[in-house]
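Peer 1: Provided below are the primary sequence and the corresponding predicted coordinates.
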Amino acid sequence: MTEGRVGWSRPVVLGAFAVAVVLVGAFVAVERRREEPLIDLELFRRPAFLVATGGALVVGAAVVGLLSYLPSVLQAVHGLTPLDAALLFCVWSGLSFVASLLARHVRLGTAARLALGLGLSAAGFVGLLGVGGSLPLPLVVAGLAVSGAGSGLINSSITQLAIDSVPAHRVSMGSGANNTARYVGSSLGAAAVAAVIGAFGWVQGTAISVAACIVLMAVTAVAALATPARLRHGHR
């Protein structure tokens, strides 16, 4: 993904994707034959597990990946110093922390709370659509505040959903798959945002990246609401 920024048809890019496909296929083949697999592939037949794991992938890509690159946008377009950008993002991280602490007071099931968090994050990102251009900083702060509150609800819900979606003796697999998906999504998301902005420029590239993240979160929120009712109320 990172090398693709300077040409997607280059041998190193095509070779890396080919190797990735082979390694994923090899992993699946090996796991199917193990008596004690690293992850039971049958879990992917469970819709709720797919929502939890796919949701973690989306959160990593659409939230962590995008926000990891946005400070560079603010410095390049708005002329902020690295310290200014870091202080600005304290709004997002601070509200995310507070919201995660208060999430237990939200009287919703796990999946519904996750959907609410995704919806708030998407709404906050709508306010950031013009951040690559002349969007006033107060609106940037407002967008970061709303998305930060949503992120707190996401973080308090998505791991619980991963655990609720698997049998009791597979809870470590649910949690492990969730964490792995989140970090893979973060890596891919940051690289993808960098590639898009590199190809389309600060204004258009940032707008495309933010819009894509909004769509991803909205789709994942709908998928979370479609999980079985027993999981929406926090039961296996």
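Peer 2: Perfect, I can see it now.
Peer 1: and for the protein, the residue most distant from the center?
Peer 2: Residue farthest from the centre of the chain, counting by Cα atoms, centre = their mean, is E35 at 31.9 Å.
Peer 1: tell me the phi and psi of that residue?
Peer 2: Torsion angles at E35 (phi, psi; degrees, to the nearest 10) stand at phi -70, psi -30.
Peer 1: got a pLDDT number for it?
Peer 2: Note on E35: pLDDT of 85.
Peer 1: now it: how far from T53?
Peer 2: From E35 over to T53 the distance is 23 Å, taken as Cβ to Cβ, to the nearest Å. Using the backbone N, CA and C atoms, a C-beta is placed for each residue, glycine as well.
Peer 1: try L129
Peer 2: The value you get for L129 to T53, if Cβ to Cβ is used, is 28 Å.
Peer 1: so for those two, which residue has more residues nearby?
Peer 2: Applying other Cβ atoms under 10 Å to L129 and T53 shows that T53 carries more neighbours, namely 24 against 17.
Peer 1: just the endpoints, please. Distance across stretch 94-112?
Peer 2: 23 Å (Cα to Cα, to the nearest Å).
Peer 1: who's in contact with S147?
Peer 2: V63, W92, L120, S121, A123, G124, F125, L128 (Cβ atoms under 8 Å, 6 or more residues apart in numbering).
Peer 1: give me the neighbour count for the last one.
Peer 2: Burial of L128, expressed as a neighbour count using other Cβ under 10 Å, amounts to 25.
Peer 1: tell me the secondary structure at it.
Peer 2: Using DSSP: H, G, I helix; E, B strand; the rest coil, the three-state assignment for L128 comes out as coil.
Peer 1: shouldn't it be in contact with A145?
Peer 2: No - L128 lies out of contact with A145 (Cβ atoms under 8 Å); the separation is 11.0 Å.
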